[in-house]
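1. could you work out the structure for the sequence below:
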Amino acid sequence: MKWGLFGGTFDPIHMGHLRCAVEVREIFDLDRIIFIPAAQQPLKTDKKVTPFHHREQMVKLAVEANPPFSVSDIENLRGGKSYSIDTVKHFLTASPEGLELYFIMGQDAFQDIHRWKEWEQLLLLCNFIVVTRPGYEVRKFSDILPEYAAAQFHFDTDAGAFTGPTGGAIYFKRLTFLEISSTDIRNRTKNGQSILYLVPDSVRHYISENALYKDL
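-> This next block holds a predicted model:
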């Protein structure tokens, strides 16, 4: 079994997130992708975030027609700040024996990973899929991680990934680039502009029915 964990604020979830998940699942032959809305982002404490129940419901609406996609509210149930290492440990403990986990994240987030809680241990717990932007290429791992941490990984040409001492791999993958952002969607909604084709119709209707993003 191979599962992908796709965390984020998802405020709101949009077509870029969904297309990323579809392509990652195909490339890595994942059995499931679990979307995990964050309850409290530790590094975004200064930003106003839509209440969790709205963000969770939008994710559920966005993925309900795709059986390999599911949603977990583990970070809301756990309470407090949403630390990825706690989430990964939860799935490693509560999931079937022999499960392979792939943590999906964007390039910008990965380049900031040294600010995450217990990040050195996190990188050794599971595989990582880092979605990159056009024109981006990782030449030296030490350009991203401190030298002592980068030294634990080496590039495996056959796997096309940086592998670590526990056997986990960090893949950098360029996918179909959709220049869509949740910030732009919120601003368009506030300004009365259309968000048609930026989010699934079910999410667009939910935003309208609940008057989300009108008072940013």
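2. list the contacts of the nearest residue to residue 179 once chain neighbours are set aside.
-> On the basis of C-beta to C-beta, 6 or more residues apart in numbering, the spatially nearest residue to residue 179 that is not a chain neighbour turns out to be residue 16, at 7.8 Å. For every residue, glycine as well, the C-beta is placed using N, CA and C. Residue 16 sits next to 178, 179, 180, 181 when contact means C-beta atoms under 8 Å, 6 or more residues apart in numbering.
3. what about the nearest residue to residue 28 once chain neighbours are set aside, which helix or strand?
-> Closest residue in space to residue 28, ignoring its immediate chain neighbours: residue 102 at 6.1 Å, by C-beta to C-beta, 6+ apart. When secondary structure is defined by DSSP states H and E, residue 102 falls within strand 100-106.
4. now the element after the top helix by length along the chain, going C-ward?
-> With residue count as the measure and DSSP state H as the assignment, the chain has helix 15-28 as its longest helix. For helix 15-28, the following helix or strand on the C-terminal side (DSSP H and E) is strand 32-37.
5. for whichever helix or strand comes after that next one, output the C-alpha coordinates as PDB.
-> Downstream of strand 32-37, the first helix or strand assigned by DSSP H and E is helix 52-63. Listed next in PDB are the C-alpha coordinates belonging to helix 52-63 (Å, rounded to 0.1, in the frame of the first residue of the first chain):
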ATOM      1  CA  PHE A  52     -11.800  24.800   9.800                       C
ATOM      2  CA  HIS A  53     -15.300  23.400   9.100                       C
ATOM      3  CA  HIS A  54     -15.700  25.500   6.000                       C
ATOM      4  CA  ARG A  55     -12.300  24.600   4.600                       C
ATOM      5  CA  GLU A  56     -12.900  20.900   5.400                       C
ATOM      6  CA  GLN A  57     -16.300  20.900   3.700                       C
ATOM      7  CA  MET A  58     -14.900  22.500   0.600                       C
ATOM      8  CA  VAL A  59     -12.200  19.800   0.400                       C
ATOM      9  CA  LYS A  60     -14.800  17.100   0.800                       C
ATOM     10  CA  LEU A  61     -16.900  18.600  -2.000                       C
ATOM     11  CA  ALA A  62     -13.900  18.900  -4.300                       C
ATOM     12  CA  VAL A  63     -12.800  15.200  -3.900                       C
END
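6. now helix 52-63: buried residues?
-> Applying a neighbour-count criterion of 16 or more other C-beta atoms under 10 Å, one finds 52, 54, 55, 56, 57, 58, 59, 60, 61, 62, 63 buried in helix 52-63.
7. sorry, back to before: got the contact list for the residue nearest to residue 28?
-> 2, 3, 4, 5, 24, 28, 30, 126, 127, 128, 129.
8. separation between it and residue 117?
-> Per C-beta to C-beta, to the nearest Å, residue 102 is found 20 Å from residue 117.
9. and if you look at residue 54?
-> In this structure, residue 54 and residue 117 are separated by 26 Å, where distance is defined by C-beta to C-beta.
10. okay then, goodbye and thanks.
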